[in-house]
Structure formats: C-alpha cells, structure tokens
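Peer 1: Here is the input, now give the coordinates:
(4 chains)
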2 protein chains.
Amino acid sequence: MKPYFDRGGCTIYLGECLEVLPLLDGVGAVITDPPYSSGGAFRGDRTRSTVAKYVQTGTVAYRPEFAGDSRDQRAYLAWCSLWMLAARNASVEGAPIACFTDWRQLPVTTDAIQSAGWTWRGVAVWSKKYGRVNSAGFSAACEFLPFGSNGPAQERDDYPGGHISCSPESGDDKLHIAQKPLTVMGWACRIAPIGATILDPFMGSGSTLLAARLNGRKSIGIEVDERYCEIAAKRLGQEVFAFEEIP
Amino acid sequence: MKPYFDRGGCTIYLGECLEVLPLLDGVGAVITDPPYSSGGAFRGDRTRSTVAKYVQTGTVAYRPEFAGDSRDQRAYLAWCSLWMLAARNASVEGAPIACFTDWRQLPVTTDAIQSAGWTWRGVAVWSKKYGRVNSAGFSAACEFLPFGSNGPAQERDDYPGGHISCSPESGDDKLHIAQKPLTVMGWACRIAPIGATILDPFMGSGSTLLAARLNGRKSIGIEVDERYCEIAAKRLGQEVFAFEEIP
DNA sequence: GCCGAGAATGAATCCATCC
DNA sequence: AGGATGGATTCATTCTCGG
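Peer 2: Next comes the predicted model:
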C-alpha cells in the first residue's frame, strides 16, 4: 500500500485502520487517542456530530468533524477489541500499547485491551491543571492512559512516571477538537524504546507522529479523513527543514 | 446497636459492615477506602496476607493485618455491589459516594457503583508525586476515586477539583498499611455538603472520620477489627481536648 | 536555622523453591 | 501440576541527622 506521506521515519497511510493494520508488521509500540464515543450520558447526546457535541473554545478556525465517534458502549468494546487485536498482530513481542480515554470509557477500554490479548499493566493519568467545572461532583480534571504489553514487557529502567500535569491545548494552534499537547504525547511516546516504530491508528492532526519524531522514535499514522492527512503531513514537513532519517 | 465510640459528631460501630449498614439511615455521603483485594498479577500473590504482600521494609512500626483483602474479581464485584447497595439504602437522595481503588480494581469498582443503583459520575485522581517503580511500563503513581450520586446529584458550585497531588503517608505516624493522608481525605470529604454525615464502612485507622471532623462534617465509621476501632477512637479523642459537637 | 549527604520508604512484581 | 511462600529488585522522594 502506498503511503500518503513517508519522510524522516514518519509514515502516514490514508484509510480505515481495520483495513490498513493487517498490512503492517514490526510495530514497536501502539500509542493512540481514538474517538472516545463519549460526550454525554444519553444516546441522543452521543450521536450528535463532534463539532456540535464538544464545545469549541476560543475563536479558532473551523475544524473538520471526525469520524467514528458515535458508538454505544457495547459496539465501542467490540470495535476497540478488533483494532487492538489487529494492532497486536502487527506488533513485536513485548511491545507496549497505550490508549487515551476519558473516565466514561475507561472500563470498556481496559476490557478491550485484555480482550485483544494484550496484558493490561496499569493506568497512567494526564491531569489538566484545570478541568471543566462539574455541578454534580469532582471536576473532570483528568484523562486516562491505560497501558499494557504484548506478552512479557520489555525490561527497562527508564519507563516514564505514571502521571503528568499539563494544561490542555487551546486557541488557533489547535487543529483537532481532541488534540493533545506535544508535552503529553512526548511523555506517552517514552513508553516505547528509543528508535522503535510507534503506531497511531487514529492519527488525527499527527501529534503522536510529531512527538515520536521529537523523541527519537519512528512512527506510522493511519487516518481515514484526507483533510487530517493533509494537516498532519504539513505539520510533519514543517518540523524539519531538511527532513532526515532519525539517527 | 451500641456504638463503640460516639463523641463530637463522630460515631464508630464495631462490626461487619453488611450487618451494621441496614441499621443506619440519614447518611449524607459515603466516602471510603475498602480493601482492594489487589496486590499482584497472580492469585497466589493476591491471597497472601496483607503484611506479606504489601512491602514494609526497614524499621517501621508493626501494623496489624487487615481483613477482606483476598477476594477474586468476581467476588469483589459481588461484595462491593452488596455493601454499596446497603450504603445507598442508608443514604439520603442525592448523596454522593466516593470509593478509593487502585488501577487494577477500577473497572470493577465502577461496575459495582452502577450495579448498586448509584449513578456513576466520574473518576477523581490522587497522584502521589512518585510511585513505585514499574519494570513493565509507567510507574504506578496514582490511586483512583470513582464517584457518583444517589439519584440526581445535589447542585453546588463548590465541588472540589478532580485531581489532588500529595505524598503518601509514611513513618511511625502511619497506623495502617493503606492509610491515606489527611490532606487527601479532607479533599474527598468536601464532596459532601457541610454539616452532612459522612459514612465510611471500612474505617481502618479512622482518617475519614478525622478529616470529616476537621472539615465540619459529621461522620459514622464501621470497622470489623477491634484493634483498629481502638486506634481510631484514640486518634479522634486526641483531636480535640474538649470534644464538642460540630457547630 | 539552613543545607547536604546518606538512609529509609513504598496498597509491587516476578521468579525460584518447597510442599 | 498447582498452590503457597520467600525473597531480590527498584528509585524518586522524604526523612534524619550532623555540621
């Protein structure tokens, strides 16, 4: 399959992840931020378009809607199990997986990790310094990063800490509604060995690939929406003037 | 039923929580830190005594075993559902529940909250600044506080934030292997309205009751082990010389 | 009282060994 | 085979103590 973009150790495929994943192998880590299919307690809330259901702060440019964000919990479990299994089949033994999620989908995500045959090994946390106020309990100040490994984990003495505190992305620099700060993605990328290939099956605007590059890891991104492939390719191309292989 | 201790708005019952809970009513919030039944990937590790399975190196003071920490996941779900239901029956409408857990039991705990008829509303996080090293991924730096409410939540504009960072308890002041810092319990107690009665069905050394008192809430603790009732009563008695009702 | 060095600590995990 | 037990390993942060 011909990549949409392939330079400096960063590769982008345009397509459905369930169709692209079976073509890959040698993946050293899976790090991703899939559509949460969250955003409301009721089905009617969940199935609204992503632009409508997530509040867009500030005077930002229009961001395209993103696909695959309207599954109910049962379907979300089945779907996550499928792509996680396909991703595991593409991964080397001992490879880690780390998958962002919010509180609502956290139990389903840990179930899916295990359903797909990964060994679940913990839940790391990104706290946002300030969270959405909540009139019904503690504010929603954290996102969660359940993680695991493909069989016995690689033994290392420099795994990152299980908690990071960082303000969320905002303003005009934000290219995707659910975009994570590079600081957060860089922290997540350090779960992968240096030089390994990090796979992100839900690339979006490409923050995972950019963070991988900045942290000395190779990367593969898959994205179903060509507008986001374009945005990500532009970001990656800008990152280095003379774009060279990662040493 | 005669309380083991009852002064200054703090009440302790000695007994099994499933036997004591049906006798209670008017509870304004449930805040607790039950035995996690965690501590290892293998059944053999989980079923070890709490003194053996939780590290206590060096010259620490001896801390008594605590009971009920060796259930498998199925039994843990069933048991949590039972006591959470009994606690809900003792609670006023709109009362919040918040129950500490570790990463391994988090999905089971949110299932239990919902099985028992509480409305699950989120997951708050205590990050410990440093966590135990992990040779297989991110360090275990956080404990989790899933929370919910008994029906529609009480609307308030002063709910606490969903994240707190605080070092764990240590040294001779730590009376229970799993003792939480007063800072953390105080934060948790602020989920309850001022003046409400906070129920902790797994009192241990009484940190919840002490934090409730220090934050202007009344409290009820249940504990199955008389040694811990004694320790908690002593701590609560010391807190105020002339022990008066909470204003 | 302040500072730095060294010791202590931890709601673990994994493997080897013994029954 | 499988359950129970012993014990090595791990390091950022906190604690202790002397100067």
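
Peer 1: Disregarding residues adjacent in the polypeptide, which is nearest to A:D158?
Peer 2: Spatial nearest neighbour of A:D158, excluding adjacent residues (C-beta to C-beta, 6 or more residues apart in numbering or on different chains): A:R190 at 7.8 Å. Every residue, glycine included, has its C-beta placed from N, CA and C.

Peer 1: for the one you found, what are its contacts?
Peer 2: By C-beta atoms under 8 Å, 6 or more residues apart in numbering or on different chains, the contact set of A:R190 is A:158-160, A:215.

Peer 1: Weed out the non-buried ones from these.
Peer 2: A:159-160, A:215 (16 or more other C-beta atoms under 10 Å in any protein chain shown).

Peer 1: Among the residues you listed, name the ones in strands.
Peer 2: In strands, defined here by DSSP state E, there are no members of the buried ones among the contacts of A:R190.

Peer 1: Dump those to TSV, plus pLDDT and distance to A:F202.
Peer 2: Formatted as TSV, the buried ones among the contacts of A:R190 follow (pLDDT from 0 to 100; distance: C-beta to C-beta, whole Å):
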residue	pLDDT	distance to A:F202
A:Y159	89	24
A:P160	91	21
A:N215	94	19
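
Peer 1: What segments of chain A are strands?
Peer 2: So, for chain A - with DSSP E - the strands run A:5-7, A:10-14, A:29-32, A:96-99, A:119-132, A:140-149, A:163-165, A:197-200, A:218-223.

Peer 1: excluding its backbone neighbours, what's nearest A:S167?
Peer 2: A:S167 sits nearest to A:K129 (C-beta to C-beta, 6+ apart), 5.1 Å away.

Peer 1: Sorry, wrong one. I was asking about A:A86.
Peer 2: That would be A:L21: by C-beta to C-beta, 6+ apart, it lies 3.7 Å from A:A86.

Peer 1: returning to that earlier point: switch the contacts of A:R190 over to a markdown table, and while doing so, append distance to DNA strand D to every line.
Peer 2: As requested, the contacts of A:R190 are exported to a markdown table (distance: C-beta to the nearest atom of the strand, whole Å):
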| residue | distance to DNA strand D |
| --- | --- |
| A:D158 | 7 |
| A:Y159 | 9 |
| A:P160 | 10 |
| A:N215 | 18 |
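
Peer 1: tell me which of the residues you listed is nearest to B:M185?
Peer 2: Of all the contacts of A:R190, A:P160 has the smallest distance to B:M185: 28.5 Å, by C-beta to C-beta.

Peer 1: so of the contacts of A:R190, which ones are in helices?
Peer 2: Cross-referencing the contacts of A:R190 against helices under DSSP state H gives no overlap.

Peer 1: ok, so of these, who is nearest A:A116?
Peer 2: A:Y159 (21.7 Å).

Peer 1: now chain A, which segments are flagged as low pLDDT?
Peer 2: Scanning chain A for pLDDT under 70 picks out A:39-68, A:70, A:131, A:171-172, A:240-247.

Peer 1: Mind doing that once more with 90?
Peer 2: A:36-73, A:129-136, A:151-159, A:169-178, A:238-247 (pLDDT under 90).

Peer 1: Which positions in it make contact with DNA strand D?
Peer 2: Residues of chain A that fall close to DNA strand D, judged by C-beta under 7 Å from any atom of the strand: A:D157.

Peer 1: Which residues are in contact with the residue in chain A positioned nearest to DNA strand D?
Peer 2: At 3.3 Å from DNA strand D, A:D157 is the closest residue in chain A, using C-beta to the nearest atom of the strand. Shown in contact with A:D157 (C-beta under 8 Å, 6+ apart): B:S135.

Peer 1: Now it, what are its backbone angles?
Peer 2: Main-chain torsions, A:D157, degrees, to the nearest 10: phi -110, psi 10.

Peer 1: Can you give me the separation between it and DNA strand C?
Peer 2: According to C-beta to the nearest atom of the strand, to the nearest Å, A:D157 and DNA strand C sit 13 Å apart.

Peer 1: swap in A:M84?
Peer 2: 19 Å.

Peer 1: thought that residue was touching A:Q114?
Peer 2: No. With contact defined as C-beta atoms under 8 Å, A:M84 does not reach A:Q114; the gap is 9.3 Å.

Peer 1: which of the two has more neighbours?
Peer 2: Counted by other C-beta atoms under 10 Å in any protein chain shown, A:M84 and A:Q114 do not tie: A:M84 has more neighbours, with 26 against 16.

Peer 1: Any idea how many residues pack against the residue nearest to that one when sequence neighbours are not counted?
Peer 2: Nearest non-adjacent residue to A:M84, counting by C-beta to C-beta, 6+ apart: A:A116, 3.5 Å away. Residues near A:A116, counting by other C-beta under 10 Å, number 20.

Peer 1: same question, A:L209
Peer 2: 32.

Peer 1: for A:T11, same thing?
Peer 2: So A:T11, with other C-beta under 10 Å, has 20 neighbours.

Peer 1: residues contacting it?
Peer 2: A:3, A:5, A:219-221.
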